[in-house]
Structures are given as structure tokens and as C-alpha cells.
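Undergrad: just coords:
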């Protein structure tokens, strides 16, 4: 949109028996808001002001000249998707739209704010509009948290930027670290998954009991384990200890990778 401020004054007379008793004036500012789709040209505008006590409405006229201003606009059609810690490529669209017949080539770039390779844009240049480019965020460059990229778009002397906020989510695993058991008995570890920074996904948990020969480890509930954004999920690891197990300390490892591969944590 374009706007134009206009300054002027209106003057009115009042009197008795046809004679002027006094003269008054008032100043005003006028702003005209022109829709972006308005065609270039000259448009007559008339202002009308009615004042209390004035014998009649006062008017003032001017011509509003609308000129073409070729330009382009960047926007994010939808919020950028959730990024997971360790992920290699999460994509989101960026729109480029022309205004007033703009037809130049627009070059887009993503800053190395969080390190080289933390983001990329494809294609990097567009010249046909409307256009959509894809912003890719590399989750392996981030710890869990909230971030924002400032996308830059340039065409000659025209430069525009667009802030793209996004969240990198992760989860933690906690619970029983040590259990004591006798040969031939069964031990259970209670484990807890917790989402952080809006992580949501499915997790395939595995249990490695090879450190204790002939032992068996069972996880419940069955995979995949669902973890909602901001939520928690509990599960158990049950170890069946063989009758001939030797006394000692054994390391039982529970691994919990996201079904996509990242993130992944163990205990």
C-alpha cells in the first residue's frame, strides 16, 4: 500500500444581518491509503468537512497521483515445522510474490548464524512469480531450543528480509540406574521419557543385556513408544537373570532412538 499526507486549511465566516462578525480557520491532515492492486494513474479526491456552527459544509479537492512501484514480498505461508536434534534436513516453504509488475531476478540466502551448513535455500534464485523456495534446516547443528533465521532476498538495490522462527526439539530419558537381584530372579527398571522444546515423535526402544551371559531383557509396552509434544511416557525394562549367573556388576543398556534415527538417547 501507499499513502500520502496532505495539509491544508478550511475557513468559514459567520455574522449577523449579512455582516461578517469573525473569521475562523482550522488546519487538517489527510491520509489516503491506496490498495496494492490499484492501477497507476491520477485520481481526483474531494474532502468534505462539516463543523458545528458553520452555515454549510466546506470542501477541498486535490489529485492523488498513483505511480507504479515494482517490488516483491517475502512471506512464510505456514509456521516452520518442528526440527529434531540430530536431524539432517527439515524443510519449510518461503513465498516470493511480485508487486506492481516486478519482473527482476531475486537471489535468496540463509545466514551462517549457527554455523556453516546449518541451513540452505533451494532454488537460490527465482525470476518467475509467484515463486516458492524451500528453506532446509540441519538439526545436527543445534541443541534443543528456540531459534530464528533471517532470510535475505536481493534484486538490484531492493533488499528484503524475513525472520523465520523455529524450534529444535529433543527428549530425555531417566529412571532406575541400579537394581540388585539374585541368580534366577527377575529385576525391573522403571524408565521415563520426557519431551523438551515441543519434541513429538515415536521411539523404538531396545535393550542390550549381552553383558550378562544368557540374560533376557524385555521392554514394555511394545514399540513404538509415542511421546507427545510437552508430554511424558513411561516404560519398563525387565531382566531375567540366569540361575548360573556369577555375582558381579553388569551394564544393561537401553537405547531409545526416534523412528527416524534422530534424536537418540540411552541409559
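TA: That came through, no problem. Remember, predicted model here, so these are calculated numbers, not experimental data.
Undergrad: tell me which element the residue found closest to residue 206 once you drop the neighbours it is linked to in the chain falls in.
TA: What sits nearest to residue 206 in space, not counting adjacent residues and going by C-beta to C-beta, 6 or more residues apart in numbering, is residue 255, at 5.0 Å. C-beta here means a position set from N, CA and C on the backbone, and glycine is covered the same way. For residue 255, the element it lies in under DSSP states H and E is strand 253-257.
Undergrad: now what about that strand, what contacts it?
TA: With C-beta atoms under 8 Å, 6 or more residues apart in numbering as the test, strand 253-257 has contacts from 173, 189, 191, 193, 203-208, 211, 219, 225, 237, 263-267.
Undergrad: can you do 10 Å?
TA: For strand 253-257, contacts defined as C-beta atoms under 10 Å, 6 or more residues apart in numbering pick out 86, 171-173, 175-176, 189, 191, 193, 203-211, 217, 219, 223, 225, 227, 233, 235, 237, 263-267.
Undergrad: hang on, the earlier thing: quickly note the distance from the residue nearest to residue 206 to residue 222.
TA: 16 Å (C-beta to C-beta, to the nearest Å).
Undergrad: what number of residues lie near residue 51?
TA: Residues within reach of residue 51, counting by other C-beta atoms under 10 Å, total 13.
Undergrad: next: residue 69.
TA: Close neighbours of residue 69, defined as other C-beta under 10 Å, add up to 12.
Undergrad: would you check that it makes contact with residue 98?
TA: No: with contact defined as C-beta atoms under 10 Å, residue 69 does not reach residue 98; the gap is 11.5 Å.
Undergrad: quick revisit: comparing residue 255 and residue 222, which residue is more hemmed in?
TA: Each of residue 255 and residue 222 has its neighbours counted (other C-beta under 10 Å); residue 255 has more, 15 against 9.
Undergrad: output the below-cut-off pLDDT ranges for the stretch 1-150 of the chain.
TA: The stretch 1-150 of the chain contains residues with pLDDT under 70 at 1-28, 36-37.
Undergrad: all strands for it, in order.
TA: Under the criterion DSSP state E, counting those that start in this stretch, the stretch 1-150 of the chain contains strands at 2-16, 19-34, 41-49, 58-66, 71-75, 83-84, 90-99, 106-109, 119-122, 125-126, 131-137, 145-155.
Undergrad: out of these, the one nearest residue 249 is which?
TA: strand 83-84 (34.2 Å; C-beta to C-beta).
Undergrad: what about the closest residue to residue 89 other than its chain neighbours, how many neighbours?
TA: Distances taken as C-beta to C-beta, 6+ apart place residue 136 nearest to residue 89, at 5.1 Å, with adjacent residues excluded. Neighbourhood size, residue 136 [other C-beta under 10 Å]: 15.
Undergrad: same question, the one 4 residues further on
TA: One way to gauge burial is a neighbour count; for residue 140, by other C-beta under 10 Å, it gives 15.
Undergrad: could you measure from it over to residue 167?
TA: Applying C-beta to C-beta, the value for residue 140 to residue 167 is 16 Å.
Undergrad: is residue 142 in contact with residue 170, as I believe?
TA: Yes: using C-beta under 10 Å, residue 142 is in contact with residue 170, at 9.3 Å.
Undergrad: spell out which residues are contacts of both of those two.
TA: Common neighbours of residue 142 and residue 170, using C-beta under 10 Å, 6+ apart, are 83, 84, 85, 86, 197.
Undergrad: for those, give me JSON lines that also has distance to residue 127 and neighbour count.
TA: Listed next are those as JSON lines, based on distance: C-beta to C-beta, whole Å; neighbours: other C-beta atoms under 10 Å:
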{"residue": "83", "distance to residue 127": "30", "neighbour count": "25"}
{"residue": "84", "distance to residue 127": "34", "neighbour count": "26"}
{"residue": "85", "distance to residue 127": "37", "neighbour count": "23"}
{"residue": "86", "distance to residue 127": "36", "neighbour count": "19"}
{"residue": "197", "distance to residue 127": "38", "neighbour count": "21"}
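Undergrad: how about those residues in CSV, adding distance to residue 114?
TA: Putting the shared contacts of residue 142 and residue 170 into CSV (distance: C-beta to C-beta, whole Å) gives the following:
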residue, distance to residue 114
83, 11
84, 15
85, 13
86, 14
197, 15
